[in-house]
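Chemist: take a look and give me a structure for this.
(chains A and B)
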Amino acid sequence: DAGVIQSPRHEVTEMGQEVTLRCKPISGHNSLFWYRQTMMRGLELLIYFNNNVPIDDSGMPEDRFSAKMPNASFSTLKIQPSEPRDSAVYFCASTSGAGGQIFGPGTRLTVL
Amino acid sequence: AQSVTQLDSQVPVFEEAPVELRCNYSSSVSVYLFWYVQYPNQGLQLLLKYLSGSTLVKGINGFEAEFNKSQTSFHLRKPSVHISDTAEYFCAVSSTGANNLFFGTGTRLTVIP
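Modeler: Here you go, the predicted structure:
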């Protein structure tokens, strides 16, 4: 099992550009979560999906952020336009039940 | 809703000494409890979990935690730490049957040679 796969691992972009982060959950897992981690704010839940349907997006900072899950094996988190304050590590996690979430390695985003 | 309090933001400890990282939770319903570890520049890794049964839970790397319902605590312990245990440790809670987790703010464990 390859675990949760995230791409890219590192992304450096300029303010105003569109950024797309990608996640492939573990096969068979029906819930997917997007988190953001910064020194100032710690680990924040942005949005999560059950069976490809968004359940709670109350953590999405603002309209510049959007997330999709077109099928059970793929999800994207998009930031448009990006701003320097969006610089963070973004984690994707998945689970098949209440036994705990499995995290991906993260995408380190730097917005200049 | 659930919440988690990790009372210590940083815990320095000498190598081979015991350590306890404290976690208290708040919930009006039955809960599942988790500890995750995050090594530098890596994702979070599940260390151990309590779902039901024995209140003493053993995890990877020699760590264990005890669920105390009356004190609403789930403290993490290790009898003898190694340099390689230096990392950030997160306690998390969910209501039973739910998939979403509520995380604490983390405790940075630093093992001193």
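Chemist: tell me who's in contact with residue 4.
Modeler: Unless you meant another one, I'm taking chain A. Applying Cβ atoms under 8 Å, 6 or more residues apart in numbering or on different chains to A:Val4 gives the contacts A:Cys23, A:Lys24, A:Pro25, A:Ile26, A:Cys92, A:Ala93, A:Ser94, A:Ile102, A:Phe103, A:Gly104, A:Pro105, B:Gly43. Heads up, the C-betas are built off the backbone N, CA and C, glycines and all.
Chemist: I was thinking of chain B, sorry if that wasn't clear
Modeler: B:Val4 makes contact with B:Cys23, B:Asn24, B:Tyr25, B:Ser26, B:Cys91, B:Ala92, B:Val93, B:Phe102, B:Phe103, B:Gly104 under the criterion Cβ under 8 Å, 6+ apart.
Chemist: chain neighbours aside, what residue packs nearest to it?
Modeler: Leaving aside its sequence neighbours, B:Val4 sits nearest to B:Gly104 (Cβ to Cβ, 6 or more residues apart in numbering or on different chains; 3.9 Å).
Chemist: mind checking the backbone torsions on the one you found?
Modeler: The phi and psi values for B:Gly104, taken as degrees, to the nearest 10, are phi -80, psi 180.
Chemist: how many other residues sit next to it?
Modeler: Residues contacting B:Gly104 under the criterion other Cβ atoms under 10 Å in any protein chain shown number 24.
Chemist: only the buried subset of the contacts of B:Val4, as a PyMOL command please.
Modeler: Command for PyMOL that selects the buried part of the contacts of B:Val4, burial taken from 16 or more other Cβ atoms under 10 Å in any protein chain shown:
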select buried, chain B and resi 23+24+25+91+92+93+102+103+104
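Chemist: middle-most residue in the chain, spatially?
Modeler: Went with chain A since none was named. Nearest to the geometric centre of chain A sits A:Trp34, at 3.5 Å (Cα atoms, centre = their mean).
Chemist: looking at chain B here, not the other one
Modeler: Centre-nearest of chain B using Cα atoms, centre = their mean is B:Trp35, 3.5 Å out.
Chemist: element containing that one, please.
Modeler: In the assignment (DSSP states H and E), B:Trp35 maps to strand B:31-38.
Chemist: bridged to A:His10, which residues?
Modeler: Beta bridges link A:His10 to A:Arg108, judged by DSSP bridges.
Chemist: touching, it and A:Gly106? I think so.
Modeler: No: using Cβ atoms under 8 Å, A:His10 is not in contact with A:Gly106, being 9.6 Å away.
Chemist: sweet, I'm off.
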